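Participant: turn this into a model:
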Amino acid sequence: MIKEIDKLEGKVAIITGASRGIGKKIAIDLARRGVKVCVAAKSESSSEKLPGSIYETVEEIKRFGGEAIPVKVDVRYEDQIKNMVDETVKAFGTVHILVNNAGALWWQPVVDTPPKKFDLVMQVNVRASFIASYYVLPYMINQRWGHIVNMSPQINLEVLPGKVAYLISKFGMTMLTMGLAKEVENYNIAVNSLWPATAIESQATINFKLGDPTMWRKPDILSDALIAIISKPPTYRTGKALIDEDVLREEGITDFSQYACVPGTEPPRIPF
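Facilitator: Down below sits the predicted model:
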């Protein structure tokens, strides 16, 4: 059980990449706690390769009485990110929580990374997180309360080979966390990064064939960890690159078997 010090009911959250997978799970779990959610993603319709849509996530939230709006956003474009924030404020009045979850994956060496792939991971990962933070900050500063969570790993330069473009973009998100946290700490705004200890079941792990279900955990573990982070006052913890297991251990959760996609398996840790 997550110990909620700051109650989340009535807060407003923007979750990018919320049409499926980790983002969808976070959006639904926050809505169950009374958070008003902007379900932001590019997908307006479901397909075999990319099942789920912003409308399906919102419908699921509304079925149990939660509040949510769907906003189509391609995070490569500043005007669409600004519109995402504007629509959230129009519907709910402000923004308390931003989860920069939308991501582009490309685990290849430099020689196999065309410039357009480099541009893609930079735009979707670090640039979008920076711009979304830029547009929500005035509301968080004005109300003196906010949480920004970037889905990015601890910085470890030894793991760069074979994933250079991707990790430039992801480590850039973590640098955003560390720098922005210092800039806004006097406004009662926390900025943290969150990353899984193991691979998580998602369309990315499926489509890129990153192992098999015995090597994955459910998105629930990241959602539970994120809720633990934002349920604490912003002054409790900021500027940290956190791992889901460590956050949950602090909550007294030590048995992670409940999160395994295949019961009885022990998914291996990812190397970064």
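
Participant: mind giving me the packing neighbours of the longest helix along the chain?
Facilitator: Across the chain, the helix with the greatest residue count (assigned by DSSP state H) is helix 164-184. Packed against helix 164-184 by the contact rule (3 or more Cβ pairs under 8 Å, 6 or more residues apart in numbering; DSSP states H and E) you find helix 115-121, helix 128-143, strand 146-150, strand 189-195, strand 241-243. Placement of C-beta: from N, CA and C, glycine included.

Participant: in TSV: these, plus distance to D74 and mean neighbour count.
Facilitator: Output for those, formatted as TSV (distance: least, Cβ to Cβ, whole Å; neighbours: other Cβ atoms under 10 Å):
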stretch	distance to D74	mean neighbour count
helix 115-121	11	15
helix 128-143	9	20
strand 146-150	19	27
strand 189-195	23	25
strand 241-243	27	20
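
Participant: who wins for proximity to A260 among those?
Facilitator: When the helices and strands packed on helix 164-184 are compared by Cβ to Cβ, strand 241-243 sits nearest A260, at 16.9 Å.

Participant: elements contacting that closest one?
Facilitator: helix 164-184, strand 189-195.

Participant: next SSE downstream of it?
Facilitator: Toward the C-terminus, strand 241-243 is succeeded by helix 244-250 as the next helix or strand (DSSP states H and E).

Participant: mind listing what's buried along that next one?
Facilitator: Buried residues in helix 244-250, counted by 16 or more other Cβ atoms under 10 Å: 244-245, 247-248.

Participant: contacts for that helix, please.
Facilitator: Helix 244-250 has contacts (Cβ atoms under 8 Å, 6 or more residues apart in numbering) with 194-197, 221-222, 224-225, 228-229, 256.

Participant: now, those residues that are in helices?
Facilitator: Among those, the members falling in helices are 221-222, 224-225, 228-229 (criterion: DSSP H).

Participant: selection in PyMOL covering whichever of the residues you listed are buried, please.
Facilitator: Burial among the ones in helices among the contacts of helix 244-250 is assessed by 16+ other Cβ under 10 Å; the matching PyMOL selection reads:
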select buried, resi 221+222+224+225+228+229
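
Participant: for the stretch 1-150 of the chain, what spans make up the helices?
Facilitator: Under the criterion DSSP state H, counting those that start in this stretch, the stretch 1-150 of the chain contains helices at 21-32, 54-63, 78-92, 115-121, 128-143.

Participant: the third one packs against which elements?
Facilitator: When contacts are defined as 3+ Cβ pairs under 8 Å, 6+ apart, helix 78-92 packs onto strand 12-16, strand 36-41, strand 68-72, helix 128-143.

Participant: now the fourth one
Facilitator: In terms of contacts (3+ Cβ pairs under 8 Å, 6+ apart), helix 115-121 is packed against helix 164-184.

Participant: buried set for the helix it packs on?
Facilitator: Using 16+ other Cβ under 10 Å as the test for burial, helix 164-184 gives 164-167, 169-178, 180-181, 184.

Participant: quick one, which of the helices and strands packed on helix 164-184 is nearest to G21?
Facilitator: strand 189-195 (14.6 Å).

Participant: so how far is that closest one from its chain's centroid?
Facilitator: 10 Å (Cα atoms, centre = their mean, to the nearest Å).

Participant: what's downstream of that strand, the next helix or strand?
Facilitator: Counting by DSSP H and E, the element after strand 189-195 in chain order, helix or strand, is strand 199-200.

Participant: that'll do, ta.
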